[in-house]
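In: 3D model of this:
(2 chains)
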Amino acid sequence: MTDPYKIMELTPSATDEEIKQAYRRLAKKYHPDLNPGNQEATDKMQKINAAYEQIKAMRQGGGSAYGGQPGGGTSSGQQNYGPGGNPFGQGGNPFGQNGNPFGPGGNPFGQGNPFGDGDFYKQFNEYFGRSQQQQRRHTAKSPRMQAVFHFLENRQYLEALRLLSEIERDGEWFFASAIANAGTGNRVTALNHAQQAVQLDPGNDEYLSLLEQFQQGSFAYRQSGEGHGFDMTRAARSMMNCCALQMVCLCCCRPC
Amino acid sequence: MRRGGRTTPSVVAFGKNGDRLVGQTALRQAVTNSERTISSIKREMGTKYKVNIDGRNYSPQEISALILKKLKADAEAFLGETVSEAVITVPAYFTDAQRQATKDAGRIAGLEVQRIINEPTAAALAYGVDKEEPQKVMVYDLGGGTFDVSILDISNGVIEVLATAGNNRLGGDDFDKFVVDYLVEEFKREHRVDLTSNLVAMQRVKEAAEKAKIELSASTSTEIALPYLTEAKGSPLHMEITLTRAKFNELTAHLVDATMIPVKQALEDAGLSAGSLGRILLVGGSSRIPAVQEAVKNFAGKEGFKGINPDECVAMGAALQGGVLIGSVTGLLLLDVTPLSLGIETSGGHFTRVIDRNTTIPISKSQIFSTVQNFQTNVEINVLQGERAMAKQNRSLGKFKLKGIQRAMRGVPQIEVTFTIDANGIVNVSAKDLGTGKQQEITLTDSSNMSDADIEKAIRDAEQHAAEDAQVHLEAEARNRTGKLIGQAEAIEKKSLDKADKAKLASALKDAKKALRGKNNDAIQAAGDYLEQVLSELGR
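Out: Predicted structure coming up:
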């Protein structure tokens, strides 16, 4: 995932107005209408529009325009910096809403196996989606941390990491960072941070369960991953997804 | 335009003798030739609808192309130069299939479609709102067959569409329909005669209903008088009904209400309240209806703006956009959106979005999907457009297969599906197996849309028809000319001429008259030429 702010020639601290200005300036420069026959400009404009959408979506509170959709690859996070608003408790959760292709409720393993119902296709991100749903009960301590968890829930891992880099490190920080790193495919850091979270706050069940999920997940992966032509350098991301799948399985079985 | 009217009705008719009529001429003969007259073809664009005339099926694209060809010819006659490129406007709420079909129609008519732009946006351009202070504008566009609403954010020559919504099957024609139903019902009550099976009578009632609708925009009551509408038991029956504006409003209130649903949705999507709108532009002929204007005023708390002839402002906007594209209009940029969400069918028949509605175009976006079965080696990608949760509730734009995926456990292969929408709102989809690098791509060709071969054929047909038309035209001209010459010759014949000349003229005249009785165009032409030569010799 490329950084949308970089494409827009901005930093994440830009105000909404600055973003709008930048967007219009870039549009005037690269829009195909003003650059007839210039494929390069068209490609650039496509990227600019995608980045603008992404930033707008990230900054948009609540769920008005985007509430009804499953958080897709790049565009659809929602952010809620507002004080007191726990993003996990609100309607902004795309997985609890009608936009979720798998409908409400969402424990796929408990109510018939969704993989078996005949269609060829299945969205990868669902694995992540559900794993995050299990963590929705996490109550962040500060509004900034709430924002981080909101990003995580919407799988905006890079955004979460960026925000985390501005926050002081404590147990919760490592916990969030572990999830974010897992999300971006950085499994080693994910495991390290999960361990650190537990070290800093050994009494926290939530942290412990995450660490266990990672550890057991990776064990489970090694068992089932054998013989599938699966190697780390080629498909690190695939593996991460596989790992996440295991995580979900474990998650669902646990009464957490 | 050739006839002086500022607009050309989008009506096509196939005359009994095989000729094709477009515009006013088609409209005028609609009553007597209703089953071979086609109007509102725009509503059928992108569907499988076919018009069958004399055993040949015409697609909506071909019918539209006839209209475009006529416009092209009229514009060429007016400008005195060839017109080869065009900007075509479509309702903002048109789907990909409908846009694709519109583009095809242009191609068949011999026009290179430079841009397809959304009508509400075009209207905003025509109003010159970009020249005003920065503000948010709502365009309420109630046309003959479609309803669109767009929310625009305008500042410093950039028009950014924030949201668009609409109903492809709601427009002035529906208002007419409910008036027609009422009139037919009233007539039945009075005379106990059902008009619905009488095509000619129904056509007259339809025209009267539309006229009444228009009159009721200015006055509060109108008379519908149709003498000799039909017969019963040998005596003629007339329709004489008074329609008040109040009754008209009552008949069509639900239609006015229906326009408010997209209005609310567009505002919500744009994240705005009605109060934050700086201006509301009323576009489309049906926005002249007082009840419509009232409803808009009640909703937005301010009067709708209707400075320009609503029938024309869309065309003016398109012209401006054409100017932008060729560089003769500067300092203006339209940033338009895709009206409907795009995505693919996923496990369990669900619809998973990749690009949301109201995303600014052009755009390219990818999402990664995987397999659901172990060792699955190919996937079928069903591309969908719409807002519903289930795949089958949305419109399928086309399907394609990605084969040769590396054998792996389910969920392991990574298939990147990329959607690209160009500045015309036309969609291209590709799928790539990130493991093997295999790629498959389609530009969507739904079964209702035409393949390149179909279009080529339609272009040839259209050209052939143009050649036939030209031939007919040539023949008529030759006949005219020869006829005129005969008249001149007969006048001269009466004068005193010397014998040799008289004989020469008589023989030329006889040949010309004989040729005119026949059907050989060359003979007519030759006889005319000879007669002209003889006449000019005599004149010397």
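In: thinking B:Glu416 is in contact with B:Val429, fair?
Out: No: using CB atoms under 8 Å, B:Glu416 is not in contact with B:Val429, being 11.3 Å away. For glycine as for every other residue, the C-beta is placed from the backbone atoms N, C-alpha and C.
In: just give the closest residue to B:Val417, not the sequence neighbours.
Out: Distance criterion CB to CB, 6 or more residues apart in numbering or on different chains; nearest residue to B:Val417, sequence neighbours excluded, is B:Ala431 at 5.0 Å.
In: nope, B:Leu335 is what I was after
Out: B:Leu335's closest residue in space is B:Glu160 (CB to CB, 6+ apart), at 4.4 Å.
In: same question, B:Leu320
Out: Residue nearest to B:Leu320 in three dimensions, not counting chain neighbours: B:Leu125, with 4.7 Å by CB to CB, 6+ apart.
In: and the one you found, how far from B:Gly110?
Out: Shown here: B:Leu125 relative to B:Gly110, a distance of 26 Å by CB to CB, to the nearest Å.
In: the strand or helix carrying the residue nearest to B:Leu320 packs against which elements?
Out: Assigned by DSSP states H and E, B:Leu125 belongs to helix B:119-127. On a contact count with 3 or more CB pairs under 8 Å, 6 or more residues apart in numbering or on different chains; DSSP states H and E, helix B:119-127 meets strand B:85-90, strand B:135-142, strand B:147-155, strand B:158-167, strand B:279-283, helix B:313-326.
In: quick check, pLDDT for B:Arg410.
Out: For B:Arg410, the model assigns a pLDDT of 84.
In: what about it, how many neighbours?
Out: 17 (other CB atoms under 10 Å in any protein chain shown).
In: distance of it relative to B:Ser347?
Out: From B:Arg410 to B:Ser347 the distance is 10 Å (CB to CB).
In: gap between the helix holding B:Leu125 and the chain center?
Out: Relative to its chain's centre, helix B:119-127 lies at 17 Å (CA atoms, centre = their mean, to the nearest Å).
In: which residues sit against that helix?
Out: For helix B:119-127, the external contacting residues (CB atoms under 8 Å, 6 or more residues apart in numbering or on different chains) are B:89-92, B:130, B:137, B:139, B:141, B:143, B:148-150, B:152, B:154, B:159, B:161, B:164, B:281, B:283, B:305, B:307-308, B:312-318, B:320-321, B:332, B:334, B:336.
In: of those, grab the buried ones for ChimeraX.
Out: To isolate the buried ones among these in ChimeraX, judged by 16 or more other CB atoms under 10 Å in any protein chain shown, type:
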select /B:89,90,91,92,130,137,139,141,143,148,149,150,152,154,159,161,164,281,283,305,308,313,314,315,316,317,318,320,321,332,334,336
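In: with just CA atoms, put stretch B:132-145 into PDB.
Out: Output in PDB follows, covering the C-alpha atoms of stretch B:132-145 (Å, rounded to 0.1, in the frame of the first residue of the first chain):
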ATOM      1  CA  GLU B 132     -19.400  32.600  -8.900                       C
ATOM      2  CA  GLU B 133     -18.000  32.500  -5.400                       C
ATOM      3  CA  PRO B 134     -17.100  29.100  -4.100                       C
ATOM      4  CA  GLN B 135     -20.200  27.200  -3.000                       C
ATOM      5  CA  LYS B 136     -22.000  23.900  -2.900                       C
ATOM      6  CA  VAL B 137     -24.600  23.400  -5.600                       C
ATOM      7  CA  MET B 138     -27.400  20.900  -6.100                       C
ATOM      8  CA  VAL B 139     -28.500  20.100  -9.600                       C
ATOM      9  CA  TYR B 140     -32.000  18.700  -9.700                       C
ATOM     10  CA  ASP B 141     -32.500  17.300 -13.200                       C
ATOM     11  CA  LEU B 142     -35.900  15.900 -14.100                       C
ATOM     12  CA  GLY B 143     -35.900  15.100 -17.800                       C
ATOM     13  CA  GLY B 144     -38.300  13.300 -20.000                       C
ATOM     14  CA  GLY B 145     -37.200   9.800 -19.000                       C
END
